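> How does the following fold in three dimensions:
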Amino acid sequence: MKVTVIGAGISGLATAYRLLEAGAEPILVEAEPRVGGKIFSEAADGFLIEHGPNGVLDSRPAFTQLARDLGMGERLMPASDAAHHRYLYLRGQLRALPGGPKDFFLGDILSWRGKARMALEPFIPGRRRGPDESVFDFASRRVGVEAARTLIDPMVTGVFAGDAQRLSLPAAFPRLRKLEDEHGGLVRGMVATMRARRKEQGAKAGGPAGPGGTLTSFPGGLSEMTATLADRLPDVRTGAPVSGLQAREGGGWRVTAAGMDPIDSDAVVFAAPTPVIAQLVGGFAPKAAEALNGIRYSPAAVIAYGVKADQLPRPLDGFGFLVPSFEHRKVLGVLWTSSIFAHRAPAGHAMLRIIVGGARSPELLGLDDASLLAVIKSELEITFGAAMPDPVFSRIIRWPAGIPQYELGHLARREAAERALRPYKGLYLGGNGLYGVSVAECIARGDALVGPVMRGEPG
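The predicted model follows:
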């Protein structure tokens, strides 16, 4: 069985590899001159810079299983213990997020009124299924407006660089919806989940300071995995944007890409951004194209800021910090990369990873490098509360279409696209624009597609 996979980010690479394992002949076609999509690990001047994701939580089994299947299990590198300490920039200073309920209720993240409202969460009745609900509305209903603004808003920013009031809860954070549906609330659901994890595998469950699991990567960054996947595949074609897709008489599909002969195959898996998919299917499935074009992408920029460690105004003793929207800062969050993975900065140096743009301040991506670095330095001085040194190394990576936004109605749009393509046998949807933005979710979607593709069933 020949299968053309369009898009060689982690979604396409993982899907093609699993199809190869299942006995198919995958052909992977990528518009850019390299594989990996937003995953790109760059080594420069002793620093290791991730242009895209910084790592993957090891609690997501699709990622760790793929690493083991590739023979890379022993290369998995967990973040340092310091990464368990996380901060918020709140009311003019960095405040440590507590690691447990006792510390949380004794701490100063929320007012006593906000803590009292949050303590009522187990007694709030579950919501009957109805119209789609935003992440912010869900959080406000369950834990109160103050906790939603202070805790949930920056969490959403950290994942999507998006607006919690526009993102759909069941699409963006389906596990939170599942906790309420199955256990009646978040506290009950989290307690049940933590007990189950500890009983079954001894995993470190999540808490107020962050999600469960340990951030994990490889010594050379996540590009180790994408490069290994590409090396295992028999037919990878880069620098070849796909321009056409036509059904063949008698079944199957013909893919036309720049600089090569047409590719005939039995099935096609889309692992490209949704606007690209929409353009390819619009001629014969306009309703699918309309639904796919309804998915927006949030712009974001990643700035690597390397400094001499002894010039920092404070020790980088944790994962980093996020900033709630109401603080009106220009940075969305700052990761203390060299504290998370010490080898990513040379001896005597530290590296910070700053995220800007998103739904809050997309205009920052339009600044030139010098102006953007000046903004970053100013923001670091405000959030650290002290002068910051000029960087000895910097790198700015702009993603004009950075992260897909699972806004209200996302699941209906996805279902509409799937329904519109169902009559066309052999077409399958994947990619982070539809089924999950994390690396692990992209891999998991590829795993789920293999059976339907091989059996010729709808995906």
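> Skipping its backbone neighbours, what lies nearest Arg344 in space?
Leu48 (4.2 Å; C-beta to C-beta, 6 or more residues apart in numbering). In short, each C-beta sits where N, CA and C put it, glycine included.
> ok, that neighbour touching Ser41?
Yes: in this structure, Leu48 is within contact of Ser41 by C-beta atoms under 8 Å, at 6.4 Å.
> Now list whatever residues contact both of the two.
Residues within reach of Leu48 and of Ser41 at once, by C-beta atoms under 8 Å, 6 or more residues apart in numbering, are Gly220, Gly221.
> From one end of stretch 131-139 to the other, what's the distance?
Using C-alpha to C-alpha, to the nearest Å, one end of stretch 131-139 lies 16 Å from the other.
> Sorry, slip of the keys, the one I care about is stretch 179-195.
With C-alpha to C-alpha as the measure, the ends of stretch 179-195 fall 14 Å from one another.
> Leu169 against Phe138, yeah?
Yes: counting by C-beta under 8 Å, Leu169 does reach Phe138; the two are 4.5 Å apart.
> what's the overlap in contacts for these two?
Counting by C-beta under 8 Å, 6+ apart, the contacts common to Leu169 and Phe138 are Leu176, Arg177.
> leaving aside the residues next to it on the chain, what's closest to Glu25?
Once flanking residues are discounted, Glu25 sits nearest to Lys2: 4.8 Å by C-beta to C-beta, 6+ apart.
> typo on my end, it should be Tyr297
Tyr297 sits nearest to Ala401 (C-beta to C-beta, 6+ apart), 3.9 Å away.
> so what's that neighbour up against?
Ala401 sits next to Pro273, Pro275, Tyr297, Pro299 when contact means C-beta under 8 Å, 6+ apart.
> Need these in TSV (columns: distance to Glu32 and secondary structure).
As requested, the contacts of Ala401 are exported to TSV (distance: C-beta to C-beta, whole Å; DSSP: H, G, I helix; E, B strand; the rest coil):
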residue	distance to Glu32	secondary structure
Pro273	11	coil
Pro275	15	helix
Tyr297	16	strand
Pro299	18	strand
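> Tell me the confidence at the residue nearest to Tyr297?
Ala401 is assigned a predicted lDDT (pLDDT) of 96.
> Just confirm it is within a strand.
Yes: using DSSP: H, G, I helix; E, B strand; the rest coil, the assignment for Ala401 is a strand.
> show me where the stretch 251-400 of the chain has strands.
253-257, 263-265, 267-270, 297-308, 320-322, 331-335, 349-357, 393-404 (DSSP state E, counting those that start in this stretch).
> Where does pLDDT dip in the stretch 151-300 of the chain?
Within the stretch 151-300 of the chain, the stretches with pLDDT under 70 are 197-212.
> quick one, phi psi at Leu87?
Let me fix one detail, which is that residue 87 is Tyr and not Leu. Tyr87 adopts backbone torsions of phi -130, psi 160, taken as degrees, to the nearest 10.
> Over to the one 10 residues further on?
For Leu97, the backbone dihedrals (degrees, to the nearest 10) come out as phi -80, psi 130.
> Quick check, it in contact with Tyr89.
No: here Leu97 lies out of contact with Tyr89, judged by C-beta under 8 Å, at a distance of 11.4 Å.
> In terms of secondary structure, what does the helix or strand harbouring Arg419 contact?
Using DSSP states H and E, Arg419 sits in helix 410-421. Counting contacts by 3 or more C-beta pairs under 8 Å, 6 or more residues apart in numbering; DSSP states H and E, helix 410-421 packs against helix 169-172, helix 286-293, strand 427-429.
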